[in-house]
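J.: need a structure here:
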Amino acid sequence: MRKTDILIIGGGPAGLAAAVGAYEAGARDILILDREERLGGILKQCIHNGFGLHTFKEELTGPEYAQRFIEKVLEYKIPYQTETMVIDVSPEKVVTCVSRKNGLERIEAKSVILCMGCRERPRGSLGTPGERCPGIFTAGTAQKFTNLEGLMPGKEVVILGSGDIGLIMARRMTFLGAKVHACVELMPYSSGLKRNIVQCLDDFGIPLLLSHTVVDIHGKEHLTGVTVAEVGADLKPIPGTEKYFPCDTLLLSVGLIPENELSEMAGVKIAPTTSGAEVDEQLQTSVPGIFSAGNVLHVHDLVDFVSEEATKAGANAFRYVQNALPQSGRKVPVKMGFGVGGIVPQFVSENPEDKVSFMFRPRNVYRNAKVIVELGGEQIYAKKSMILAPGEMVNLSIPADKLKGLATADSILVRIEVPEA
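T.: Alright, predicted model coming up:
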């Protein structure tokens with residue numbers, strides 16, 4: 001049995017930032033565990049630019065962004081183990097892992113930070129009818145093939161879903177000489193960032209078919225084409241709107257799922273709205289001493305926000321180890337009103353020490369809307385926006401003095417108000 005003060009599961013952008021945050025807060029006994037061969041997580045294959053505008057005030061590629069944090073880890077001499085698979089986390093913060101180098105290990109930590117990231121939703125969860133033929137990939141898998149392994153999935157491409165990875169792969173496949181026929185989105189709005197729609201689809205003349213979906217997949221030995229149809233308000237295909245696209249590759253960009261199997265093993269409560277852990281404003285889960293940050297907590301739109309969140313989790317984990325993190329007092333639930341989806345945190349301490357940040361995704365596209373925070377029925381915060389969309393997260397920062405009524409409040413309500421038609 002080994003022991004450490006702070007154990008971080010995951011060496012991607014969240015895990016690296018959590019380690020740096022813990023060290024800069026004063027921690028010196030830190031260990032990062034990562035299942036991959038090298039640190040950096042998904043950023044290793046994200047060779048496009050657009051990272052770091054918030055964190056470093058400059059535009060970086062994914063590997064460059066990750067390297068900034070890796071260099072900090074090396075500078076601070078923070079220990080890490082790669083090619084190490086965590087197979088169990090107990091509520092007592094005992095982590096069981098396995099690696100070729102060390103075999104089966106048990107590590108007892110005073111605090112654990114969950115930074116496992118997320119995975120892509122596969123075809124099996126979609127129920128799309130048609131043949132089970134080769135040529136169907138998740139967008140992230142195709143990205144790994146092209147950017148890390150130098151392999152080309154195909155030449156005639158259709159993309160199902162308009163998540164950011166799918167939009168970026170539309171541009172990447174075009175750069176590599178493929179023909180991207182269309183990006184097909186079930187909803188009447190894109191789930192990706194506006195800048196990616198413009199830079200990855202519009203700039204290359206790739207059509208975005210909103211309120212459409214793939215209704216049939218063709219091919220035996222290999223994919224030969226897909227049939228796409230328009231859907232109605234009930235999201236069901238409309239007969240007579242079918243259109244056939246010949247293609248040898250179908251990329252799926254239909255959502256990300258936080259990797260919370262280890263969280264559940266540890267007894268952490270999972271929020272159904274985010275599929276991530278329930279946390280308070282300190283990013284502590286329902287299990288004292290276990291924290292969560294990054295895409296395993298809730299799927300972010302920008303890695304800069306992942307780093308900011310994980311840095312905070314690292315600092316608070318060290319405060320917990322030092323018995324300096326307030327643990328007593330009532331937790332006030334955060335409720336989602338009209339238009340608000342997947343809000344984090346789900347609870348706020350009745351006496352928060354500092355400003356409280358809330359992040360959520362709008363449930364639809366709202367124009368000239370107002371985000372309102374209410375405490376005990378009284379409005380304490382309001383922010384106007386020209387447009388709110390599911391593809392872009394809303395980030396609110398509420399000063400502590402606005403939350404003085406928490407001690408007597410039953411809940412905090414966050415809602416969107418839209419002008420009457």
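
J.: Start and end of stretch 133-142, how far apart?
T.: 16 Å (C-alpha to C-alpha, to the nearest Å).

J.: Over to stretch 138-158?
T.: Note: stretch 138-158 ends 12 Å apart using C-alpha to C-alpha.

J.: go on, stretch 204-222?
T.: 27 Å.

J.: now stretch 22-41
T.: 19 Å.

J.: Verify the stated contact: residue 391 with residue 187.
T.: No - using C-beta atoms under 8 Å as the test, residue 391 is too far from residue 187 to be in contact (10.2 Å). Bear in mind the C-beta positions are built from the backbone N, C-alpha and C, glycine included.

J.: Just the C-alpha atoms of stretch 244-252, please, in PDB.
T.: Provided in PDB are the C-alpha atoms of stretch 244-252 (Å, rounded to 0.1, in the frame of the first residue of the first chain):
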ATOM      1  CA  TYR A 244     -29.400   9.400 -50.700                       C
ATOM      2  CA  PHE A 245     -25.700  10.400 -50.300                       C
ATOM      3  CA  PRO A 246     -23.100   8.000 -51.800                       C
ATOM      4  CA  CYS A 247     -20.200   7.800 -49.300                       C
ATOM      5  CA  ASP A 248     -17.600   5.400 -48.000                       C
ATOM      6  CA  THR A 249     -17.300   7.000 -44.500                       C
ATOM      7  CA  LEU A 250     -19.900   8.100 -41.900                       C
ATOM      8  CA  LEU A 251     -18.500  10.000 -39.000                       C
ATOM      9  CA  LEU A 252     -20.500  10.200 -35.800                       C
END
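
J.: distance between that stretch and the chain's centre?
T.: 26 Å (C-alpha atoms, centre = their mean, to the nearest Å).

J.: same check, this time on stretch 202-217
T.: With C-alpha atoms, centre = their mean, you get 24 Å for stretch 202-217.

J.: what about it, how long is it end to end?
T.: 26 Å.

J.: Stretch 198-205 now?
T.: Stretch 198-205 has an end-to-end distance of 10 Å (C-alpha to C-alpha).

J.: Enumerate the positions of it that are buried.
T.: Judged by neighbour count (16 or more other C-beta atoms under 10 Å), stretch 198-205 contains these buried residues: 199-201.

J.: How about stretch 170-181?
T.: Buried residues in stretch 170-181 (16+ other C-beta under 10 Å): 170-174, 178, 180-181.

J.: So what does residue 284 look like in phi/psi?
T.: Note on residue 284: backbone dihedrals following degrees, to the nearest 10 are phi -90, psi 140.

J.: what's the answer for the one 5 residues further on, then?
T.: When quoted as degrees, to the nearest 10, the phi and psi of residue 289 stand at phi 90, psi -10.

J.: got it, and residue 175?
T.: According to degrees, to the nearest 10, residue 175 has phi -60, psi -40.

J.: again with residue 20
T.: phi -60, psi -40.

J.: Repeat that for residue 6.
T.: phi -130, psi 120.

J.: So which of residue 391 and residue 187 has more stuff around it?
T.: Legend: neighbour count by other C-beta atoms under 10 Å for residue 391 and residue 187, higher for residue 391 (21 against 17).

J.: and that one, how far is that from residue 28?
T.: 40 Å (C-beta to C-beta, to the nearest Å).

J.: Kindly report the same for residue 305.
T.: Applying C-beta to C-beta to residue 305 and residue 28 gives a distance of 27 Å.

J.: what about the two, which has more around it?
T.: Remark: of residue 305 and residue 28, residue 305 carries more neighbours, 17 against 12, as counted by other C-beta under 10 Å.

J.: Confirm that one sits in a helix?
T.: Yes - under DSSP: H, G, I helix; E, B strand; the rest coil, residue 305 falls within a helix.

J.: now the helices: where do they sit in the stretch 101-250 of the chain?
T.: 139-148, 164-175, 194-196 (DSSP state H, counting those that start in this stretch).

J.: Quick check: mean pLDDT of the longest one?
T.: Taken as a whole, helix 164-175 carries a mean pLDDT of 97.

J.: what packs against that helix?
T.: helix 139-148, strand 156-160, strand 179-184, helix 194-196, strand 249-252 (3 or more C-beta pairs under 8 Å, 6 or more residues apart in numbering; DSSP states H and E).

J.: For residue 265, find the nearest of these.
T.: helix 139-148 (24.6 Å; C-beta to C-beta).

J.: What are the contacting residues of that closest one?
T.: 42, 44-47, 120, 137, 151-153, 159, 161, 163, 165-166, 168-169, 172-173, 176, 249, 251-253 (C-beta atoms under 8 Å, 6 or more residues apart in numbering).

J.: Pull out the buried members of these.
T.: Counted by 16+ other C-beta under 10 Å, those give 42, 44-47, 120, 137, 153, 159, 161, 163, 165-166, 168-169, 172-173, 249, 251-253 as buried.

J.: thought residue 365 was touching residue 390?
T.: Yes - using C-beta under 8 Å, residue 365 is in contact with residue 390, at 7.4 Å.

J.: what residues do the two have in common as contacts?
T.: In contact with both residue 365 and residue 390: residue 189, using C-beta under 8 Å, 6+ apart.

J.: I'd assumed residue 194 was in contact with residue 208.
T.: No - applying C-beta under 8 Å, one finds residue 208 not in contact with residue 194, separated by 11.6 Å.

J.: for stretch 123-140, the distance to its chain's centre please.
T.: 22 Å.

J.: For burial, what's the neighbour tally of the closest residue to residue 226 other than its chain neighbours?
T.: Nearest in space to residue 226, with sequence neighbours left out and distances taken as C-beta to C-beta, 6 or more residues apart in numbering, is residue 214 at 5.0 Å. With neighbours defined by other C-beta under 10 Å, the count for residue 214 comes to 24.
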